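[1] Pasted the sequence and its predicted model underneath.
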Amino acid sequence: MIYLYIEIKCVCVCQAEIYKTDFLAEREAREKLNQRKEELQDQLNTALAEMERLKQEGTSRARMEEMQQRHLEDFIPRPQIPPQPGVAFNTAPPPSSFRSVGLAAGVAGGVSGGRAEELPDYRCPKCQYQAPDMDTLQIHVMDCIQ
């Protein structure tokens with residue numbers, strides 16, 4: 001009977017060793033999988049951040065191109081008009097009627113594509129040079145007068 005007890009104890013110890021080895025192997029495999037999962041999650045987060053950055057960069061580029069196109073469309077060269085005697089130096093409308101009123105009228109009136117008002121005509125009184133804005137016109141006039 002003692003031999004049977006020793007054999008059963010020996011079998012139980014061997015089984016416990018096998019279970020322990022199995023458990024440790026599974027634990028190691030789970031740890032490796034968890035570590036791999038964390039690495040992949042970091043890579044995914046990095047890729048998503050890069051994708052978002054590129055998307056914002058693309059959006060800002062598209063906005064820049066849209067603004068450039070709008071600028072080019074707004075200032076299409078007009079034919080040269082000979083100077084007329086008695087024409088005032090500054091033919092631009094007052095600042096309050098510039099774009100803000102046109103935009104407000106477009107928004108309030110529901111106008112979406114058309115312009116409610118013409119853009120100001122910035123021309124040199126001496127040579128009729130068409131300037132895209134008031135600053136450029138002032139610089140040109142100073143050079144043109146001299």
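    Done, it's in.

[2] low-scoring stretches of the protein, by residue?
    For the chain, applying pLDDT under 70 flags the ranges 1, 71-119.

[3] Recalculate using a threshold of 50.
    Along the chain, the model assigns pLDDT under 50 to residues 96-114, 116.

[4] which residues in it form strands?
    Using DSSP state E, the strands found in the chain span residues 122-123, 130-131.

[5] got CSV for those, with mean neighbour count and distance to residue 70 too?
    Backbone N, C-alpha and C define where each C-beta goes, glycine included. Below are these laid out as CSV (neighbours: other CB atoms under 10 Å; distance: least, CB to CB, whole Å):
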stretch, mean neighbour count, distance to residue 70
strand 122-123, 22, 17
strand 130-131, 18, 17
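
[6] closest one to residue 27 among these?
    Residue 27 sits nearest to strand 130-131 of all the strands of the chain, at 77.1 Å, using CB to CB.

[7] for that closest one, packing partners?
    Here strand 130-131 touches strand 122-123, going by 3 or more CB pairs under 8 Å, 6 or more residues apart in numbering; DSSP states H and E.

[8] got the phi/psi numbers for residue 133?
    phi -150, psi 170 (degrees, to the nearest 10).

[9] for it, what are its contacts?
    Residues in contact with residue 133 (CB atoms under 8 Å, 6 or more residues apart in numbering) are residue 122.

[10] how close does residue 142 sit to residue 123?
    Distance of residue 142 to residue 123, given as CB to CB, to the nearest Å: 15 Å.
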